[in-house]
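*Asks:* Provided below for reference: sequence and predicted model.
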Amino acid sequence: MFNDIVIINNFYKSYYSWNDFLLFFNHSLTIERTENSPKSHAPKTIGHVNFWHDLTFTIDNLTDAYFNNLTELTKTLELITGRACVGKFAAISLTTIEPTTGIHSDPVNVGYLSCIGEVEWRVYLDEEVKTYRLLEGDIIFIPANITHEVMSKTPRAAISFMFGQA
C-alpha cells in the first residue's frame, strides 16, 4: 500500500468530537515530559502539546480514555497497511489563517484520519503537484519521504498514524 498515495473516503464513521480533542488537550497540558516522551521540534511545548503556531498544535500519546475505540482503529489500520503503528498524535488547527505543517516529508509512512473539518493535502511528486481534499471520516496514506504540506480549509482536528517499514 505504501508505494502509492491512497485515499479512502468515509473510512471512519464514528467521528471524534471537538470535546474529545479538547478534553485530551487539557489533560496533555498537565503531563510532565520525560526522557521517553516523543521528541518535538515545535517552537513551544507544554506538557505533551506541541505548539507549531499560536492556534495550530499537535498532541502526543493519544489514548482510548479520550478517543473511544482508538486501539481497535489502530489494529484495523495495521491490518490494512501490513505494518506496525509506531506512533500516533492529534493534529489540530483552530484557524485557517495560520500555516499548518509547511512543506516537508516524513521518515515514516503516514495515515492521516480527518476527524473534524476540511483539510487540503498538496503532494509534490517530481515536477507535479497533486491536491487532495479530505472531509470528516476520510483517510489518506502517504509513503515515507514523500514531500507534502497540509492546509486547513476550516478549523480541523485529525489523527496522524505513523507506520514502520515492512
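*Replies:* Arrived safely.
*Asks:* can I get stretch 142-155 in CSV, CA atoms only?
*Replies:* Extracted in CSV, the C-alpha atoms of stretch 142-155 (Å, rounded to 0.1, in the frame of the first residue of the first chain):
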residue,chain,number,x,y,z
ILE,A,142,1.4,8.8,2.3
PRO,A,143,4.6,6.8,1.8
ALA,A,144,7.7,7.8,3.7
ASN,A,145,9.8,10.6,2.3
ILE,A,146,7.1,12.0,0.0
THR,A,147,7.1,15.8,0.1
HIS,A,148,3.8,17.3,1.1
GLU,A,149,2.0,20.0,3.0
VAL,A,150,-1.3,20.2,4.9
MET,A,151,-3.5,23.2,4.9
SER,A,152,-6.7,23.8,6.9
LYS,A,153,-9.8,24.8,4.9
THR,A,154,-11.8,25.0,8.1
PRO,A,155,-10.8,24.6,11.7
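*Asks:* to the chain's geometric centre, what's the distance from it?
*Replies:* 9 Å (C-alpha atoms, centre = their mean, to the nearest Å).
*Asks:* identify the residues contacting it?
*Replies:* 2-5, 56, 91, 93-96, 99-112, 116-125, 133, 165 (C-beta atoms under 8 Å, 6 or more residues apart in numbering). From N, CA and C alone the C-beta is placed, and that goes for glycine too.
*Asks:* show me which residues of it are buried.
*Replies:* Using 16 or more other C-beta atoms under 10 Å as the test for burial, stretch 142-155 gives 142-143, 146, 148-152.
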